[in-house]
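*Asks:* prediction below, plus the sequence it came from.
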Amino acid sequence: MDELLSTYLDALTFERNLSKNTVKAYREDLQEYAAWSAREGIDPLNPSKRGVRMYLAYLDQAGYTRRTTNRRLSALKGFFGWACARGSVEADPVSSLHGPKSEKHLPKVIPPAEMEQALLVHGQLAQGCKDPLQRALELRDQAVLEMMYACGARISEASSLILDNVDLKAGQLRLFGKGAKERIVPIHELACSALSRYLAEGREVLEGSSSGSWVFLSRRGLRYSEDAIRQMFKCTLGLAGLDGIYTPHDLRHTFATDVLAGGADLRSVQEMLGHASLSTTQIYTHLTPERLQEAKRLAHPRG
């Protein structure tokens, strides 16, 4: 199991170009399944359908959420589908199984007034800061937040952004999302201004011999990591006097909801977010009922 799992994870990394975090999640889920199989005396590579159902029942009894159970079942389906196709296992015992119906949760959106408060924090701190290093950090954080809210970038996309993929004259960025899927997204003038100021006045202060071409750098001149951005966002909320229930990913939800409410069509938002399916984007329509009512009024022959 260990050897086959290692080969599968390499295939996810090098053939399917999945992110490190996604591959890590697959590894943890499949290792948990292997550990359970060992405890139950079940061959992890040749379980019966009943054996897999026992595993799903165990997850339910252990108090795992439906979402977690479905994620682990999805990991098993991916692994056994791959292993069966290459002849490493005799049969696929999970392809016909279905997990519990997931509970649907609407995305969390940051209200406009609170969004404005959060975006003011680092710009104001930079204005009164005399220490070059601290000022560079404030300019960086202002640019990160403005950029993420301006285009709905994932935190991984912000962390991995490189200089060659920033075109401030055209007001656009080239981002690489899940599966290294490329997309070009426009950003508004405020985000361009924050990025331009950081690149001109802040990045060179942070830059070191090993900085490479990363746009956003840490105080040591390395790539600004996803964990560091999460911590920064948490601190930003505190400095803005806001409840710490929001995450950087909520900037993405807020972007999508705000541009839909402002009149953007669903297909355009799908392209900007990099969603493979329009159904994934449609969840944001539940957050903008006024926009739907207006669209119906304008499009329906009877208003």
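*Replies:* Great, that's in hand. Residues are numbered from 1 along each chain as shown.

*Asks:* you'd agree residue 23 is up against residue 10?
*Replies:* No. Contact between residue 23 and residue 10 fails when scored by Cβ atoms under 8 Å: they sit 9.1 Å apart. The C-beta positions use only the backbone N, C-alpha and C, and glycine is treated the same way.

*Asks:* who's more crowded, those two?
*Replies:* residue 23 (17 against 11; other Cβ atoms under 10 Å).

*Asks:* for the more buried one, identify the helix or strand it belongs to.
*Replies:* helix 20-40 (DSSP states H and E).

*Asks:* helices or strands up against that helix?
*Replies:* helix 2-14, helix 49-61, helix 66-85 (3 or more Cβ pairs under 8 Å, 6 or more residues apart in numbering; DSSP states H and E).

*Asks:* which outside residues touch that helix?
*Replies:* 1-2, 5, 8-9, 12-13, 18, 43-44, 47, 51, 54-55, 58, 71-72, 75-76, 78-79, 156, 178, 226 (Cβ atoms under 8 Å, 6 or more residues apart in numbering).

*Asks:* next one: stretch 203-216
*Replies:* Contacts of stretch 203-216 (Cβ under 8 Å, 6+ apart): 132-133, 135-137, 140, 143-144, 158-164, 166, 195, 199, 217-224, 229.

*Asks:* where does the stretch 151-300 of the chain have low pLDDT?
*Replies:* Applying pLDDT under 70 to the stretch 151-300 of the chain picks out residues 287-300.

*Asks:* any chance you could map the strands in it?
*Replies:* Taking DSSP state E, counting those that start in this stretch as the criterion, the stretch 151-300 of the chain contains strands spanning 166-167, 172-176, 182-186.

*Asks:* what's the angle from the second one to strand 182-186?
*Replies:* Between the axis of strand 172-176 and that of strand 182-186 there is an angle of 150 degrees, by axes from the mean of the first three to the mean of the last three Cα atoms, to 10 degrees.

*Asks:* what sits closest to residue 256 if chain neighbours are left out?
*Replies:* Spatial nearest neighbour of residue 256, chain neighbours left out: residue 284 (4.7 Å); criterion: Cβ to Cβ, 6 or more residues apart in numbering.

*Asks:* where's the closest residue to residue 239 other than its chain neighbours relative to residue 157, distance?
*Replies:* Nearest residue to residue 239, sequence neighbours excluded (Cβ to Cβ, 6+ apart): residue 121, at 4.9 Å. Noted for residue 121: a distance of 22 Å to residue 157, by Cβ to Cβ, to the nearest Å.

*Asks:* thinking again about what came up before, put the buried members of the contacts of stretch 203-216 into a PyMOL selection.
*Replies:* Applying 16 or more other Cβ atoms under 10 Å to the contacts of stretch 203-216, the buried members can be selected in PyMOL as follows:
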select buried, resi 135+136+137+140+143+144+158+159+160+161+166+195+199+217+218+221+223+224+229
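
*Asks:* and the spatially most central residue of the chain, what are its phi and psi?
*Replies:* Nearest to the mean C-alpha position of the chain, counting by Cα atoms, centre = their mean, stands residue 154 at 4.3 Å. Note on residue 154: backbone dihedrals following degrees, to the nearest 10 are phi -70, psi 160.

*Asks:* give the contact list for it.
*Replies:* Counted by Cβ under 8 Å, 6+ apart, residue 154 has contacts 177, 249, 252.

*Asks:* for residue 28, see how far away the first one is.
*Replies:* Residue 177 is 22 Å from residue 28, where distance means Cβ to Cβ.

*Asks:* higher neighbour count, those two?
*Replies:* Legend: neighbour count by other Cβ under 10 Å for residue 177 and residue 28, higher for residue 177 (17 against 12).

*Asks:* I figured that one hits residue 157, correct?
*Replies:* Yes. Contact between residue 177 and residue 157 holds when scored by Cβ under 8 Å: they sit 6.3 Å apart.

*Asks:* report the buried residues of stretch 114-127.
*Replies:* Quick answer for stretch 114-127 (16+ other Cβ under 10 Å): 114, 115, 117, 118, 119, 121, 122, 123, 125, 126.

*Asks:* show me the contacts for the closest residue to the second one other than its chain neighbours.
*Replies:* Here the nearest residue to residue 115 in space, its sequence neighbours aside, is residue 254; by Cβ to Cβ, 6+ apart that works out to 6.2 Å. Residue 254 is in contact with 109, 110, 115, 149, counting by Cβ under 8 Å, 6+ apart.
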